[in-house]
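Undergrad: Need the 3D shape of this:
(one chain, ligands or ions: 1)
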Amino acid sequence: MLVLAGTIGAGKTSLTRMLAEKMNLADYYESVDDNEILPLFYKNPQKYAFLLQIYFLNSRLDLIKKARLDDKDSIMDRSIYEDSLMFRLNADLSRATETEADIYDSLLKNMMEEIPNSKLTKNPDLLIHIKISFDTMLKRIKKRGRSFEQIDKDPELYKYYQMLNERYNRWYEEYDQSPKMQIDGDRYDFVENEEDFENVLKQIKDSYQELISC
Ligand SMILES: Nc1ncnc2c1ncn2[C@@H]1O[C@H](COP(=O)(O)OP(=O)(O)OP(=O)(O)O)[C@@H](O)[C@H]1O
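TA: Modelled structure (predicted):
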């Protein structure tokens, strides 16, 4: 199982779709449009931060189980581990309490603990982090145009996005639940540029082959 990671607008969903096609993988997506808690959270983060995390934890674990039970090798458009980073940021911004964030982390650890001899391993075989600069992040959020994510509607989001992007770098360095690799999402415009996509595809295939042959 391959899993994509990266900040809002990094291109996780697009790259998942493209890799699934080229590498013949079963693709699994977290639906943003059907998430009824997300717009509520953006409107009133203090009230909905904890509920949103529980919603994501539940739905992402569901996806992991489906992907692992698939006969085909699979790919997912987001990792479950980034939620902890986002929730900690929300707690630091007083949208949740430290206790809520601690309990969340403990629940996540418990849910993700591998059961010895179980066929259903929950951690990915390879995590692929798409790293983008803050500038690129802002451009992509604007270009995609999801109304609740727009800074001109809510200027406080600027600071939130800036802090989130900064924290992603440390998160990736510390991530140790599986092998991992990083893609430079500023340098490689894999959505618009065919050559860039081929380059990224090769980097990912090489890393994956290396893992399989170990
Ligand atoms: N754990 C979380 N806590 C708060 N908000 C979250 C969390 N996970 C996702 N979100 C929100 O859900 C929305 C979708 O985020 P996500 O990064 O999964 O997808 P995306 O932005 O469509 O990614 P990409 O463009 O890379 O495909 C964003 O508005 C993001 O802020």
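Undergrad: what residues are up against Leu57?
TA: Contacts here follow C-beta atoms under 8 Å, 6 or more residues apart in numbering; on that basis Leu57 touches Ile80, Asp83, Tyr104, Leu107, Leu108, Met111. The way it works is simple: take the backbone N, C-alpha and C, and place the C-beta from them, glycine included.
Undergrad: what helix or strand is it on?
TA: Leu57 belongs to helix 45-69 when assigned by DSSP states H and E.
Undergrad: That helix near the ligand at all?
TA: Yes - using C-beta under 6 Å from any ligand atom, helix 45-69 reaches the ligand at Leu52, Gln53, Phe56.
Undergrad: Would you mark the buried spots in that helix?
TA: 45, 48-50, 52-53, 55-57, 60, 63-64, 67-68 (16 or more other C-beta atoms under 10 Å).
Undergrad: now stretch 95-104
TA: Buried residues in stretch 95-104 (16+ other C-beta under 10 Å): Arg95, Ala96, Glu100, Ala101, Tyr104.
Undergrad: Can I get it in CSV, CA atoms only?
TA: Presented in CSV, the C-alpha positions along stretch 95-104 are these (Å, rounded to 0.1, in the frame of the first residue of the first chain):
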residue,chain,number,x,y,z
ARG,A,95,-9.5,25.4,18.9
ALA,A,96,-9.1,22.3,21.0
THR,A,97,-7.6,21.5,24.4
GLU,A,98,-4.3,19.8,25.0
THR,A,99,-6.2,17.0,26.7
GLU,A,100,-8.3,16.4,23.6
ALA,A,101,-5.1,16.3,21.5
ASP,A,102,-3.4,13.9,23.9
ILE,A,103,-6.5,11.6,24.0
TYR,A,104,-6.7,11.8,20.2
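Undergrad: Give me the average confidence score over it.
TA: Across stretch 95-104, pLDDT averages out at 97.
Undergrad: now swap in stretch 165-183 and tell me
TA: 95.
Undergrad: still on that earlier bit, most neighbours of all the contacts of Leu57, which one?
TA: Neighbour tally across those (other C-beta atoms under 10 Å): the maximum, 24 neighbours, falls on Ile80.
Undergrad: secondary structure element for that one?
TA: Using DSSP H and E, no helix or strand contains Ile80.
Undergrad: Can you name the residues that contact the residue nearest to it when sequence neighbours are not counted?
TA: Nearest residue to Ile80, sequence neighbours excluded (C-beta to C-beta, 6 or more residues apart in numbering): Arg60, at 4.4 Å. Going by C-beta under 8 Å, 6+ apart, Arg60 touches Glu30, Arg78, Ile80, Asp83.
Undergrad: follow-up on the earlier one: now render the buried residues of stretch 95-104 as TSV, adding secondary structure and distance to the ligand.
TA: As requested, the buried residues of stretch 95-104 are exported to TSV (DSSP: H, G, I helix; E, B strand; the rest coil; distance: C-beta to the nearest ligand atom, whole Å):
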residue	secondary structure	distance to the ligand
Arg95	coil	9
Ala96	coil	10
Glu100	helix	12
Ala101	helix	11
Tyr104	helix	10
